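K.L.:
below is the sequence, then the predicted model.
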Amino acid sequence: MNFIPRRITPHIEKAAENYPVIVITGPRQVGKSTLCRHIFDSYRTYNLEDIALRMKVREDPKGFLASCGEYVIIDEVQHVPDLLSYIQISVDDNRSRRFILTGSSNFALLESISQSLAGRAAVFTLLPFSLSELGEYKQTATDDILIGGFYPAVRAVGVDYETFYNNYNALYVERDVRQIKEITSLTNFEKFMTLVAGRTGSELNASSLGSAIGISAPTVRKWFSILQTSYIAYPLYPYYANIGKRLTKMPKVYFYDTGLLCYLLKIETTQQLAVHPLRGAIFENMVITEMLKERFNNAKRSNLTFYRENAGREVDVIQENGLSLSLTEIKSSSTFSKDFMRNIKYLMGIFGDRISTAKVVYDGDFIPPDVYNFRQLW
């Protein structure tokens, strides 16, 4: 296996100098444990996916912490949330102790941290590889990138992408979803995942989606929160401003990885992807998620929103930085058109000097000289 350096590494290393607890969340099999072992190679490691160890820790958390040494990595710590309270006591009693905790369940883990480790922990989110981390893939055909996705098993180990995502999805549904009491039908939940995938890049209408499956709108929202919790999909919220325009209030839906997205859409080859009606939405999904990775890899929270008027005018991404705005329009076409800038120019007329940068990301090679900051993502 090739170890590919992660851009988030220096931020984790710096935080470890000042915080007794480092928490790294992210999807399963994204390389959290590998990264921790690489950065903190002298630490003792424990994995709470091990059922026997998990039972031992639950029975005697104080005894476990007393026996594991001063420098410890604990993987999948969300399985024993009560352990966090004992870690709090441990680091308060001995500020030289260091804990590196990983978890694949975002909401459950962060809620426990906010209750037990506030002020003692620095939290990071590790997603699948970014394009900037996979330098050798920058010249790879776009459809190969989209369908293969960005998980380490595919990119660093060389596992066939169809095999990987088939197993990933099966393990997620059978191991994680089965344990969630709100899921009364795995069949309906799998259908729900497929239908959400089919709405990538579109607004998440809970009523419409629920009608298609035969579940209520509140159930749709609850199930989507489960996809968020386990880093399968995420919402992109609309930008709001008091500008005298009627703006949409519903979020759009995107997936954390285009390889899994293609799998859920039953796209098996690049030939199928090239002619698929959602190919443009999948390309848009990749670009927006790359922008999200850029934020997380620099230890920043997301500042991504989208602009859409009820009348139909929209821009794919608005990033708010203080008082200024950055605009990004995304097009999957391989041929550049000046029309790509139409909606960006429209927003420039509304927001004026607040717009600091504006760019178009499209699937082509030509970068036109213009007064605007046109550029490709890679």
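P.N.:
Everything's here; your move.
K.L.:
contacts and neighbour counts: CA atoms only from here.
P.N.:
Will do.
K.L.:
show me the shaky parts of the stretch 51-200 of the chain.
P.N.:
Along the stretch 51-200 of the chain, the parts satisfying pLDDT under 70 run over 106-110, 114, 136-139, 181.
K.L.:
quick one, strands of it?
P.N.:
For the stretch 51-200 of the chain, applying DSSP state E, counting those that start in this stretch gives strands covering 71-75, 98-103, 121-125.
K.L.:
how about residues contacting the last one?
P.N.:
It stands for strand 121-125. Residues from elsewhere that reach strand 121-125 (C-alpha atoms under 8 Å, 6 or more residues apart in numbering): 12, 15, 19-26, 113, 296-297, 299.
K.L.:
dump the strands of the stretch 51-200 of the chain into a markdown table; add mean neighbour count as well.
P.N.:
Output for these, formatted as a markdown table (neighbours: other C-alpha atoms under 10 Å):
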| stretch | mean neighbour count |
| --- | --- |
| strand 71-75 | 21 |
| strand 98-103 | 24 |
| strand 121-125 | 21 |
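K.L.:
ok, now which ones touch the residue nearest to the spatial centre of the chain?
P.N.:
In the chain, the residue lying closest to the centroid (C-alpha atoms, centre = their mean) is residue 256, at 4.3 Å. Neighbouring residues of residue 256 by C-alpha under 8 Å, 6+ apart: 127, 128, 231, 232, 233, 234, 289.
K.L.:
which two from those end up farthest apart in space?
P.N.:
Distance extremes for the contacts of residue 256: the farthest pair is 128 and 234 at 14.2 Å, using C-alpha to C-alpha.
K.L.:
of these two, who's got more company?
P.N.:
residue 128 (24 against 20; other C-alpha atoms under 10 Å).
K.L.:
hmm, residue 30 and the more buried one touching each other?
P.N.:
Yes: at 5.3 Å, residue 128 counts as touching residue 30 under the criterion of C-alpha atoms under 8 Å.
K.L.:
who touches both of the two?
P.N.:
151, 152.
K.L.:
how about the helices of the stretch 251-378 of the chain, start to end?
P.N.:
When secondary structure is read from DSSP state H, counting those that start in this stretch, the stretch 251-378 of the chain shows helices at 258-264, 270-274, 279-297, 342-351.
K.L.:
what do you get for the stretch 101-250 of the chain?
P.N.:
106-116, 142-148, 152, 161-171, 186-197, 206-213, 217-229.
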